[in-house]
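Student: Here's my sequence, what's the structure:
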Amino acid sequence: MPPLEIEFSPRFRAQARALPDIRQQELAEAVAQLRETFGQPHVHAGLGVRRLVGYLFEFRIGRDLRVVFELNKGCASLILLGNHNDVQRFIKNR
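Tutor: As a prediction, the model looks like this:
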């Protein structure tokens, strides 16, 4: 299976830039893991990937940080970076 293509929305980029350096590194490592292992549930289990609604998914970075992405034809568009409440608000307002 080829690696998953990854796109970053402007909103996501801004949220990622606001993170401390150590969290940015954790984010980069998690995105790399998603790219290489998506579609192999036992391999990407550490990310906690789960479907939210429709084509929206999330994965975790640590206990408090989540990334929401939309899957479309082999491409993951990363659209939100936040905590559990941010994700719930995003889904409700989408």
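
Student: okay, CA-based contacts and neighbour counts for the rest of this
Tutor: Will do.

Student: And the helices in the chain?
Tutor: 10-17, 21-37, 84-93 (DSSP state H).

Student: Ala14: neighbour count?
Tutor: 13 (other CA atoms under 10 Å).

Student: how close does it get to Ile22?
Tutor: From Ala14 over to Ile22 the distance is 16 Å, taken as CA to CA, to the nearest Å.

Student: what residue is smack in the middle of the chain?
Tutor: Residue closest to the average C-alpha location in the chain (CA atoms, centre = their mean): Val67, at 3.3 Å.

Student: Throw the helices of the chain into JSON lines and include mean pLDDT and distance to Arg50, thanks.
Tutor: Formatted as JSON lines, the helices of the chain follow (pLDDT from 0 to 100; distance: least, CA to CA, whole Å):
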{"stretch": "helix 10-17", "mean pLDDT": "98", "distance to Arg50": "19"}
{"stretch": "helix 21-37", "mean pLDDT": "94", "distance to Arg50": "12"}
{"stretch": "helix 84-93", "mean pLDDT": "96", "distance to Arg50": "13"}
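
Student: before we move on, back to that, what's the residue nearest to the centre of the chain in contact with, if anything?
Tutor: By CA atoms under 8 Å, 6 or more residues apart in numbering, the contact set of Val67 is Glu58, Phe59, Arg60, Ile61, Leu78, Ile79, Leu80, Leu81, Gly82.

Student: Which strand residues bridge it?
Tutor: In this structure, Val67 bridges to Phe59, Leu81 when assessed by DSSP bridges.

Student: if we can go back for a sec, between the helices of the chain, which gets nearest to Gly54?
Tutor: Nearest to Gly54 among those is helix 84-93; the distance by CA to CA comes to 10.7 Å.

Student: list the helices and strands that closest one packs on?
Tutor: strand 65-72 (3 or more CA pairs under 8 Å, 6 or more residues apart in numbering; DSSP states H and E).

Student: CA atoms of the strand it packs on as PDB?
Tutor: The C-alpha trace of strand 65-72 is given here as PDB (Å, rounded to 0.1, in the frame of the first residue of the first chain):
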ATOM      1  CA  LEU A  65      -4.100  17.000  21.500                       C
ATOM      2  CA  ARG A  66      -6.200  15.800  18.500                       C
ATOM      3  CA  VAL A  67      -5.900  16.200  14.800                       C
ATOM      4  CA  VAL A  68      -9.100  16.100  12.600                       C
ATOM      5  CA  PHE A  69      -8.600  15.100   9.000                       C
ATOM      6  CA  GLU A  70     -10.800  14.400   6.000                       C
ATOM      7  CA  LEU A  71     -10.000  11.400   3.900                       C
ATOM      8  CA  ASN A  72     -10.600  11.800   0.200                       C
END
